[in-house]
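In: Sharing a model prediction with you, sequence too.
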Amino acid sequence: CFIVPEIADEMKVFREQLPLRKQIADLRTLRDELSLYGDSVRRNAEDPTAETVQAKLKQIDEDDEKIKNKLTILAERYHAAFHPVWGQMFHAGYQDSRFAYFVQNYACLYTSKATNLGLATTSRSFRTSGEMLPHDKLLAGRGTDFVVGEEDFLGAGLLAE
């Protein structure tokens with residue numbers, strides 16, 4: 001068992017920041033959908049150089065830039081809530097940190113204090129959780145307004161044919 005005393009505070013801050021985390025996740029999803037929409041406009045345009053197509057693509061780029069700027073501000077606020085310099089212990093930006101990698105791969109079990117283990121009975125069995133690859137998360141997550149069927153996944157290159 002790996003003891004990580006800081007995890008108790010990390011979990012407390014995480015719970016407090018759930019609304020901000022959801023807002024960030026929603027904006028990231030919106031950027032993904034906007035990108036897919038832009039791809040759809042480019043792919044389905046009879047004349048990609050037409051003014052109407054270019055105006056639509058310009059608007060998509062402008063909207064994406066606004067969302068990106070808002071995301072930067074929110075991500076900095078979220079990051080600072082955990083630690084003003086280091087941020088979350090288990091995340092570096094939107095990815096797992098090196099620390100998280102080692103905990104996940106080498107610690108069979110981890111907790112904030114050893115006495116937590118006294119709360120479990122001796123017959124308690126600890127099991128690993130299933131891991132999901134990015135395409136699994138995409139398929140398991142909520143659908144988007146722009147991706148409506150398997151053919152859209154194929155067209156966007158998200159699924160192998």
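Out: Done, it's in. Residues are numbered from 1 along each chain as shown.
In: what comes up buried for the lengthiest helix in the chain?
Out: Counting by DSSP state H, the longest helix found in the chain is helix 51-82. For helix 51-82, the buried set under the neighbour-count rule, 16 or more other Cβ atoms under 10 Å, comprises 53, 56, 57, 60, 64, 71, 75, 78, 79, 81, 82. In this view, the C-beta of every residue, glycine as well, is placed from N, C-alpha and C.
In: And the furthest pair within these?
Out: Pairwise distances across these (Cβ to Cβ) peak at 43.4 Å, for the pair 53 and 82.
In: who's in contact with the residue of the chain most remote from its centre?
Out: Most distant from the centre of the chain: residue 122, at 36.1 Å, with distances by Cα atoms, centre = their mean. Residue 122 makes contact with no residue, according to Cβ atoms under 8 Å, 6 or more residues apart in numbering.
In: Please confirm that it is located within a helix.
Out: No: in this structure, residue 122 is coil, not part of a helix, as judged by DSSP: H, G, I helix; E, B strand; the rest coil.
In: Next one: it from residue 128, what distance?
Out: Plainly put, residue 122 is 20 Å away from residue 128 if you go by Cβ to Cβ, to the nearest Å.
In: And for residue 60?
Out: Residue 60 is 41 Å from residue 128, by Cβ to Cβ.
In: how about the strands in the chain?
Out: According to DSSP state E, the chain carries its strands in the segments 2-3, 91-92, 95-96, 110-111.
In: Strand partners (parallel or antiparallel) of the first one?
Out: To tie it back to what came earlier, the one meant is strand 2-3. Strand 2-3 has its sheet partners listed here by DSSP bridges as strand 110-111 (parallel).
In: Touching the partner strand from outside, list them.
Out: 1, 2, 3, 4, 7, 103, 117.
In: Max pairwise distance over these: which two?
Out: Maximum distance among the contacts of strand 110-111 (Cβ to Cβ): 16.5 Å, for 103 and 117.
In: distance between the longest helix of the chain and the chain's centre?
Out: Once both centres are worked out by Cα atoms, centre = their mean, to the nearest Å, helix 51-82 turns out to sit 16 Å from its chain's centre.
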